[in-house]
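Asker: please find the sequence and the predicted model below.
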Amino acid sequence: MSETRPVCAVVDAWSTGRFLYPGFTAAGWDVIHVRSRPEPPDGLKASFVDHPYLAVVRHEGDVAATAERVAAHRPRQLLAGSESGVLLADALGEALGLPGNGARSSPARRDKHRMAQALRAAGVPAVEDQIADRVEDAVAWAVTRDRWPVVVKPPDSSGTDNVVVCQDAVAVREAAELVLSSRNFADAPNQRVLVQGYLGGDEYIVNTVSWGGAHYFTDIWRCAKQRRGSAQIYDLEELLPFDGPEQAEIVPYVTSVLDALGVRFGPAHTELIHTDRGPILLEVGARLHGSFDPAPVAACVDHDHVAATLLAYTRPDEFQPLCGRPYRLRKRALCVMLVAPESGRLDGMPGDAAVRGLSSYFSTLMMVKVGGRIQSTVDLWTCPGMVYLVHPDRDVLEQDYRTIREMERGSLFAIAKA
């Protein structure tokens, strides 16, 4: 154990959590990795980096025992590195007396039904929903409500995992059966199914970092999706300035959401729909923006989500004055979610050089390695990767985006049938 360097514990440093180790060590900290499970979820294995942590603590179900092993390293800070670590991070932080959001309100930051309940209790607009442990109850609620479509999903998964838009009772039954017979992103069985009213309008992503109950907005994105049958897949995300007519409603709404859910410390990733009656929450993750490359965002705003999180945990006195201040947008950015046209073995990326030659190209984040299995894209978990485009001129971004979509239909991927 280091005698001179402060220590931070990161729970489940998968996905974007892999950027925390180099950030903390560059700031003069040591990092221990607490694993809530032996391996990252399957969809995150390709991006996982097993850094040379000061120590690795494996949680075996007993919070008190895990807290004792973590305490031996005398950590000054502790946070979740990804969604699967949120509950354990809340419990460990409370047991160790470290800054955190507490275990009492923790379930409402993971379970989407409890999220909506917490918002309604605080007087914050929330989606209509019903939780059920039987298919018949899910169908009955949708039929009685009789306003279509509705959305069926697991209550505590992530991304677009088994999220189905249903136009009638037959579709609700099929979707509910699918959810209740499957496992969520963390490989836990779905014991309940959530049915929600469909929210029409543009989708937004809002990333924040909080400290002591004050919130700093690092970046706001407008999302576009493609409909594939009853499923929706992400198309692109556009980085927006802090100011704008929609943002003027979104920022105070997200602030009220974070307060209602007890998010007082650390990063949060909020997804919402801006409806004709204003912003309505889809979900909040009390962790970093998942499957995210901070470098292109850092080229556009003052503090990307990872950098702001590191500043809050290593130098909170410098971070706190940022809370309440708008971020500046220096350049524009698009995150293009790649769409695999078919399933098979990814033998190569013959179009990669052409993508890298685009005027606005910044970086590529692949979730599938060459030689690995690629799946036809039907949801966020089957998205094979993303391309970040950064440029001052939005017209250049739009043209480069269209070029990538054209390449996907022919020259971008080399996929062998498997």
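Answerer: Happy to help now that I have it. Quick caveat, the model's predicted, so the values are computed rather than measured.

Asker: hey, where'd the strands end up in the stretch 201-350 of the chain?
Answerer: Along the stretch 201-350 of the chain, the segments classed as strands by DSSP state E, counting those that start in this stretch run 202-211, 214-228, 231-240, 266-275, 278-285, 332-337, 344-348.

Asker: by mean pLDDT, show me the worst of the ones you listed.
Answerer: Mean pLDDT is lowest for strand 231-240 among the strands of the stretch 201-350 of the chain, at a mean of 88.

Asker: buried stuff in that one?
Answerer: A231, Q232, I233, Y234, L236, E237, E238, L239, L240 (16 or more other Cβ atoms under 10 Å). All C-beta spots, glycine's among them, are computed from the backbone N, C-alpha and C.

Asker: which residues touch the residue nearest to the last one when sequence neighbours are not counted?
Answerer: Beyond its immediate neighbours in the sequence, the residue positioned closest to L240 (Cβ to Cβ, 6 or more residues apart in numbering) is I220, lying 4.8 Å away. For I220, the set of contacting residues under the criterion of Cβ atoms under 8 Å, 6 or more residues apart in numbering consists of Y204, I205, V206, N207, L239, L240, F242, Q247, I250, V251.

Asker: pull out the buried residues from those.
Answerer: Y204, I205, V206, N207, L239, L240, F242, Q247, I250, V251.

Asker: ok, the fourth one touching V306?
Answerer: Right, N207. No: between N207 and V306 there is no contact under Cβ atoms under 8 Å: 9.7 Å.

Asker: thinking again about what came up before, quick check: the residue nearest to L240 vs P241, distance?
Answerer: Distance of I220 to P241, computed by Cβ to Cβ, to the nearest Å: 8 Å.

Asker: secondary structure class for the nearest residue to L98 once chain neighbours are set aside?
Answerer: Nearest residue to L98, sequence neighbours excluded (Cβ to Cβ, 6+ apart): L78, at 4.9 Å. Here L78 takes the strand state, with states given by DSSP: H, G, I helix; E, B strand; the rest coil.

Asker: where does this protein have low pLDDT?
Answerer: Along the chain, the model assigns pLDDT under 70 to residues 1-3, 158-160, 185-186, 228-231, 418.

Asker: show me it divided up by domain.
Answerer: For the chain, the structural domains run 7-98, 128-197, 202-416, going by automatic domain parsing.

Asker: quote the end-to-end distance of the shortest one.
Answerer: Length of domain 128-197, first residue to last, Cα to Cα, to the nearest Å: 5 Å.

Asker: and E271, bridged to which residues?
Answerer: When bridges are called by DSSP bridges, E271 pairs up with I205, E283.

Asker: around it, how many other residues sit close by?
Answerer: Counted by other Cβ atoms under 10 Å, the residues lying close to E271 total 16.

Asker: that one contacts D202, doesn't it?
Answerer: No: in this structure E271 lies outside contact range of D202 using Cβ under 8 Å: 11.6 Å.

Asker: overlap in contacts, the two.
Answerer: What both E271 and D202 touch, as defined by Cβ under 8 Å, 6+ apart, is the set C223.
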